[in-house]
Structure formats: C-alpha cells, structure tokens
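Chemist: predicted structure and sequence below. I'll ask about it afterward.
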Amino acid sequence: MLALCMLALGVPAMAASGSVPLFALPADSADSLMGFAYDPQQGQIYALGYEQLYTMNEDGSEVQTWEIAPYDLGENEGNGYFNVSGICYLQDGVYVLAGATVYEDDQSDARLLDYGLHALAFDEEAGTVSLELAMAIDGENLIEYEGDYAYVATPSQPVQMDGKLYGIAYMMNGTSLICLDPAAGSADTAPAVPWSSLEDRSDRSVPS
C-alpha cells in the first residue's frame, strides 16, 4: 500500500523485486505518514510523518529516521501549537509546509505564526531535523470566524504544480481548494463546496 501511494505521487517507490515496499514504520511507532517528496538532484526520497521524517535513497537503501525537533514558539508557547501538514520538492530542494496556530485566551481570534515552507536542518549526531522558515505564506484567508470563536483550516499534503501548491482544506462552509503561492507569499481559497451538495444524489440521472 505504501509503495502504491508513492507511485501515485510520482515517486520511485519499489525495490528491485517490484513487490516489496521500500520501508515500514517501526513496530512501536505511533506515527503515521502524510506525504512524500522526491529530490531528483540528490536521488533521495522523503516520507513525512507527524513526528518523524524518513529519508532514503531512491533504491530504498540507507533508510534513516529523524525526529522532528520541537519548534520554538517563544512567548506564544502557551496559546499556540505547531503542526506540519505536507512536504514537497520545490525549486532547489525539499521543504515542509508547516506553521503555528496561536489563539487568544478565549479563542475569539487566531493567527498563523511562521506559516509557510520550511527548509530542513539535519543534526546527524542527535538524529533530529529542525524546521527553518524559508518562504513565508500569509495565511489570513485560512482563518474563519463563527460566533465568538476563530478557526484555522490549513491544507494537508498539497500537490505542487508550476511553483504553486494546491490542497484541500475542510472549512466551516464545506471543502475548499487552497492555492498556496510561495513566491508571492499568498494563500487563496476557491469557493467552498457546501456540505449539503455532498448528500446522496442517487435519484439524479447521469448524462449519457
């Protein structure tokens, strides 16, 4: 299954036998994978989890597990949380899409802190990888308000096309297509698909 997912994303995904996945998560790992990226310059595959990053050669050799180092939120540590949501190869390297959501004490307002594409800084001795903001993206359009509460909806594992990233976010009014433009530092949302439109349509005929 893992190999098939990687092939669907255009990543070399199988060992020479054509039937064995490149790697498996450790038996005691509570992590799960959310996305993959391939660096053609280095010939390396990256598999992103919520807590770990896995790297390997394109033939499946030299698999390494890296703990994602905690992100320093400074004075926002008490009211914010940092999350990774995708990985991609863009321009000259592999970047992780991540950022912090910081709430007011009563959750009436929110803002995205250090949201955008983060470069990877590996610490071989510690076995960790730190995320360093490289291309900031203004995520104001991803913040919604309902009554006295604010919500933030960021896209997961976007697809890269022509220097832009496209992903789906589940927002209050339905599912929205998000376009992230790292060069412009912008995030735009397409009109949401209302949940009501996803109801059973079995009574509707299909055009021939």
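Modeler: Great, that's in hand.
Chemist: now do the helices in this protein.
Modeler: 2-8 (DSSP state H).
Chemist: do a quick rundown of the strands in it.
Modeler: Per DSSP state E, the chain carries strands over the ranges 33-39, 44-49, 52-57, 64-68, 80-90, 93-103, 110-123, 128-136, 143-146, 149-152, 156-161, 164-171, 174-181, 186-189.
Chemist: can you list the buried residues in the fourth one?
Modeler: The neighbour-count criterion (16 or more other C-beta atoms under 10 Å) identifies 65-66, 68 as the buried residues of strand 64-68. Where C-beta positions appear, they are placed from N, C-alpha and C, glycine not excepted.
Chemist: export these to TSV and append columns for pLDDT and distance to Y54.
Modeler: Below are the buried residues of strand 64-68 laid out as TSV (pLDDT from 0 to 100; distance: C-beta to C-beta, whole Å):
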residue	pLDDT	distance to Y54
T65	91	6
W66	95	7
I68	95	11
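Chemist: and of those residues, the nearest to Q41?
Modeler: Ranked by distance to Q41 (C-beta to C-beta), the buried residues of strand 64-68 are led by W66 at 19.3 Å.
Chemist: and that closest one, what does it touch?
Modeler: Residues in contact with W66 (C-beta atoms under 8 Å, 6 or more residues apart in numbering) are 52-55, 122, 127-129.
Chemist: of those, keep whichever come out buried.
Modeler: Taking 16+ other C-beta under 10 Å as the criterion, what is buried in these is 52-55, 128-129.
Chemist: enumerate every residue touching N79.
Modeler: Counted by C-beta under 8 Å, 6+ apart, N79 has contacts 102-105.
Chemist: show me which of the residues you listed are buried.
Modeler: Neighbour-count burial (16+ other C-beta under 10 Å) is assigned, among the contacts of N79, to 102-103.
Chemist: please report how far the spatially most central residue of the chain lies from G163.
Modeler: Centroid-nearest residue in the chain, with C-alpha atoms, centre = their mean: G86, separated by 1.5 Å. Distance of G86 to G163, computed by C-beta to C-beta, to the nearest Å: 15 Å.
Chemist: one step back: would you confirm that the residue nearest to the centre of the chain contacts Y166?
Modeler: No: counting by C-beta atoms under 8 Å, Y166 is not a contact partner of G86; they are 10.7 Å apart.
Chemist: how much space separates S156 from I68?
Modeler: Noted for S156: a distance of 16 Å to I68, by C-beta to C-beta.
Chemist: give me the common contacts of G86 and Y166.
Modeler: Counting by C-beta under 8 Å, 6+ apart, the shared contacts of G86 and Y166 are 155, 158.
Chemist: what bridges to the closest residue to A47 other than its chain neighbours?
Modeler: Excluding its sequence neighbours, the residue lying closest to A47 (C-beta to C-beta, 6 or more residues apart in numbering) is Y54, at 4.2 Å. Beta bridges link Y54 to A47, T65, judged by DSSP bridges.
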